[in-house]
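S.K.: I would like to see how this sequence folds:
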Amino acid sequence: MTRNTRARTRKTKRNVKGKDKVHFSSRVTVHKIEPNNANKFKDEINNMDGPVLIHSPQCMHCIELRPKWEQVIKELNNRQVNCKILEINAEVLNMTNHPLGKQIDGVPAIFNMEKGKTNAMFSDERNVENMLQFVLKHLKDNKNLNLPYNYNLNKKGNLKKVTNANNIKKLRRTYRNTKKKGKGKK
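M.R.: Numbering: from 1, shown residues only. Got it, this is the predicted structure:
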């Protein structure tokens, strides 16, 4: 019997050399809000849990950031992370008069949303590693979006992959014990 350890994953079985192998596929979905589909904006933003990028096609800083942001998305797919990413054209904020437009000082802006509310802004140097750590850290904090069990945050808040089999067993044991603490005698 296999157990799904991640939320929102698609679990498929493949027969490899006579054995059933369970494969978890990652789903990083990028929703782009442009002026031509601005009517979707309020629905997307109110239900958003995850990273958001606000950009402008005319902004030179946004143009320079685009390849790095694409690399972050590619790295999330490689790490089998499940999340929804929202990319908003800054013109949409002006068209809709949404309060989010007043919270943003400039573009490009990267921040995390939980239940439709901004809970963290990215303020580090805009390189791939810093942006990736920001996204992964906030996905780890969000209870709805789980990372694979073999990733963990170190004391500095950076994500590291647990590769040692003993460490993975210890991590699973710790997770089970924290779940059990909520149950029991009162």
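
S.K.: what's P35 in contact with, if anything?
M.R.: Remark: with contacts taken as C-beta atoms under 8 Å, 6 or more residues apart in numbering, P35 is in contact with 89, 91-92, 95. C-beta coordinates here come from the backbone N, C-alpha and C atoms, glycine included.

S.K.: would you list those residues in CSV and tack on distance to H55 and neighbour count?
M.R.: As requested, these are exported to CSV (distance: C-beta to C-beta, whole Å; neighbours: other C-beta atoms under 10 Å):
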residue, distance to H55, neighbour count
N89, 7, 22
E91, 10, 15
V92, 11, 22
M95, 15, 13
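
S.K.: quick one: those residues as CSV, columns for pLDDT too.
M.R.: As requested, the contacts of P35 are arranged in CSV below (pLDDT from 0 to 100):
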residue, pLDDT
N89, 94
E91, 91
V92, 91
M95, 86
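
S.K.: now those in CSV, with distance to L76?
M.R.: Formatted as CSV, the contacts of P35 follow (distance: C-beta to C-beta, whole Å):
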residue, distance to L76
N89, 21
E91, 26
V92, 24
M95, 29
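
S.K.: among those, which lie within helices?
M.R.: 91-92, 95 (DSSP state H).

S.K.: which among those gets closest to V81?
M.R.: V92 (26.0 Å; C-beta to C-beta).

S.K.: what segments of this structure are strands?
M.R.: 10-16, 19-25, 28-33, 50-55, 83-89, 109-114, 117-121, 151-153, 159-161 (DSSP state E).

S.K.: around G116, how many other residues sit close by?
M.R.: 13 (other C-beta atoms under 10 Å).

S.K.: for C62, which residues are in contact?
M.R.: By C-beta under 8 Å, 6+ apart, the neighbours of C62 are 55-56, 107-108.

S.K.: before we move on, back to that, so can I have JSON lines of the ones in helices among the contacts of P35 showing distance to K32?
M.R.: Converted to JSON lines, the ones in helices among the contacts of P35 look like this (distance: C-beta to C-beta, whole Å):
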{"residue": "E91", "distance to K32": "13"}
{"residue": "V92", "distance to K32": "10"}
{"residue": "M95", "distance to K32": "15"}
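
S.K.: V28 pairs with what?
M.R.: Under DSSP bridges, the beta-bridge partners of V28 are C83.

S.K.: what about it, distance to L136?
M.R.: 12 Å (C-beta to C-beta, to the nearest Å).

S.K.: between these two, which contacts overlap?
M.R.: Shared contacts of V28 and L136, defined by C-beta under 8 Å, 6+ apart, comprise 76, 81.

S.K.: so for those two, which residue has more residues nearby?
M.R.: Neighbour totals were compared for V28 and L136, and L136 leads with 23 against 20 (other C-beta under 10 Å).

S.K.: the more buried one reaches Q80, doesn't it?
M.R.: No. With contacts counted by C-beta atoms under 8 Å, L136 stays clear of Q80, the gap being 11.9 Å.
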